[in-house]
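give me a model of this one.
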Amino acid sequence: MKDLDTRMEDVTNLAEKIKKQYTTYNNYSNEQKLPFVYYNRVKLYNAAKSGRLAGGIAERTAQKWAKRLKEDKDWNILEKQTNKVNRKTSQLQEEHKVHLINFYDEHPQARVSDAVASLTEKFENFTLKNSSVQVFLKNECNLSFKRITRHPVARNNDFKLANRKAWVEEWSKTDMNFLENCVFIDESGFDINMRPPGGWSEKGTAAIVITPSTRAVSHTILGAISVNSVIAMELRNSQALKRIKIDNVGRKRKAPTDSSKRTRKGTVTGHYLQFIHKTLNEMDLFEEMKGYYLIMDNAPIHTANEISEMITERGYRCVYLPPYSPELNPIENFWSVVKNKELEPKSTSIQDL
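Just a heads-up that it's a prediction; the model follows:
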């Protein structure tokens, strides 16, 4: 019993320190409630003395606790005490929750004020403000505001969904296995102004990030990866910007160019064909990769007959994804990691990129 008394004194001392730091509204901690129960129900001290020994609990509060501990054997004093009996019923109930979830399913970019207007129109005598509804959206509806991901209308129409489903079912019947015998190929654009979409700054101020230029030349990187490694990478520079000259009547016309000078081009079928040839040369070095599937989307520069014929002649198999199905190509996740994790603020010049 003496050891227990000593331990309770230590807990009480801790409660005293907590009380000095947090005295607003008499919010008592569990480090105060536990000794109170010990002194009142085990040592059988009266409520006032138990409250004093437990770290300065107000006498009236101690009396309420002692009475309830005596009368209600199932009461858990460590639970947060709230005045649920006299609390006004919230205007936001389950029906409002369902309405808000459906509202944001249909209008994901709507503002909180739009949601309040919708609630006001739907439910009679609704008077809550934006701040209350915003808290309800976060805590009860499990909704949060985040960066949007844009999907074209054609991406998820009935025909495209059925086509995507049929593709998955068809290839699932073959020996194609993304984790064992596939190489994923695609291209992605990079420039020296690429930065993460978010940043920290003082409240009420914009998060400003200094970039090398206002407009940056985009560079395309062709890539081929497997589940185990990067097979091939190649950088392509974008097409040079053409100068525009304004004549006397305000019409735009192309400035004359020197035909002897070669202009840079974007990635075309010829470039992609060369990259596939390079990738196949790398794969030829590994006997276990013979017969692998080369997975790529159905972009026009990918679907030339020469490409599929060359892949087949070299002992590999060519597979085109259905339209609008980037989620079926794991290299998209690879590019996302590269852009969001590796580049960040590091690229300040073309050489860094």
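
between its first and last residues, how far does stretch 195-210 reach?
Distance across stretch 195-210, first residue to last, is 10 Å (C-alpha to C-alpha, to the nearest Å).

show me where the stretch 151-300 of the chain has helices.
158-172, 269-284 (DSSP state H, counting those that start in this stretch).

grab the nearest non-local neighbour of residue 308.
residue 318 (4.4 Å; C-beta to C-beta, 6 or more residues apart in numbering). Placement of C-beta: from N, CA and C, glycine included.

just the element for that neighbour, please.
Using DSSP states H and E, residue 318 sits within strand 317-320.

just checking, next helix/strand downstream of that strand?
Next element after strand 317-320 (DSSP H and E): helix 331-337.

how far out from the middle of the chain is that next one?
14 Å (C-alpha atoms, centre = their mean, to the nearest Å).

cool, and stretch 326-341?
The answer for stretch 326-341 is 14 Å, by C-alpha atoms, centre = their mean.

please identify which helix or strand holds residue 113.
helix 112-122.

list the contacts of that helix.
The set of residues external to helix 112-122 that reach it, using C-beta atoms under 8 Å, 6 or more residues apart in numbering, is 96, 99-100, 103-104, 107, 126-130, 133-134, 137.

now those in TSV, with secondary structure?
Converted to TSV, these look like this (DSSP: H, G, I helix; E, B strand; the rest coil):
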residue	secondary structure
96	helix
99	helix
100	helix
103	helix
104	helix
107	coil
126	coil
127	coil
128	coil
129	coil
130	helix
133	helix
134	helix
137	helix
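
list only buried entries from those.
Burial by neighbour count, 16 or more other C-beta atoms under 10 Å: within the contacts of helix 112-122 this picks out 96, 99, 100, 103, 104, 128, 133, 134, 137.

would a markdown table of the residues you listed with distance to residue 161 and pLDDT be doable?
Shown next, in a markdown table, are the buried ones among the contacts of helix 112-122 (distance: C-beta to C-beta, whole Å; pLDDT from 0 to 100):
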| residue | distance to residue 161 | pLDDT |
| --- | --- | --- |
| 96 | 32 | 92 |
| 99 | 28 | 94 |
| 100 | 27 | 94 |
| 103 | 24 | 93 |
| 104 | 22 | 92 |
| 128 | 39 | 88 |
| 133 | 34 | 92 |
| 134 | 34 | 92 |
| 137 | 29 | 92 |
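
nearest to residue 167 among those?
residue 104 (31.2 Å; C-beta to C-beta).

skipping adjacent residues, who's closest to the closest one in space?
residue 143 (6.0 Å).

and the one you found, its phi and psi?
As for residue 143, its main-chain torsions (degrees, to the nearest 10) stand at phi -110, psi 150.

what's around it, how many residues?
Burial of residue 143 is recorded as 17 neighbouring residues (other C-beta atoms under 10 Å).

can you find the helix or strand of the protein with the lowest average pLDDT?
Every helix and strand in the chain was compared by mean pLDDT, DSSP states H and E; the lowest is strand 244-246, with a mean of 50.

quick revisit: closest to residue 152 out of the contacts of helix 112-122?
Nearest to residue 152 among the contacts of helix 112-122, with distances taken as C-beta to C-beta, is residue 107, at 18.4 Å.

isn't residue 126 right next to residue 93, touching?
No. In this structure, residue 126 is not within contact of residue 93 by C-beta atoms under 8 Å, at 10.9 Å.

between these two, which contacts overlap?
If you check residue 126 and residue 93 against C-beta under 8 Å, 6+ apart, no residue is contacted by both.

just to revisit the earlier point, what sits opposite the residue nearest to residue 308 in the beta ladder?
Counting by DSSP bridges, residue 318 forms beta bridges with residue 294.

could you shift the numbering so residue one becomes 418, and keep it that way?
Shifting the count to begin at 418 puts that one at residue 735.

quick check: it touching residue 729?
Yes. Using C-beta under 8 Å, residue 735 is in contact with residue 729, at 6.6 Å.
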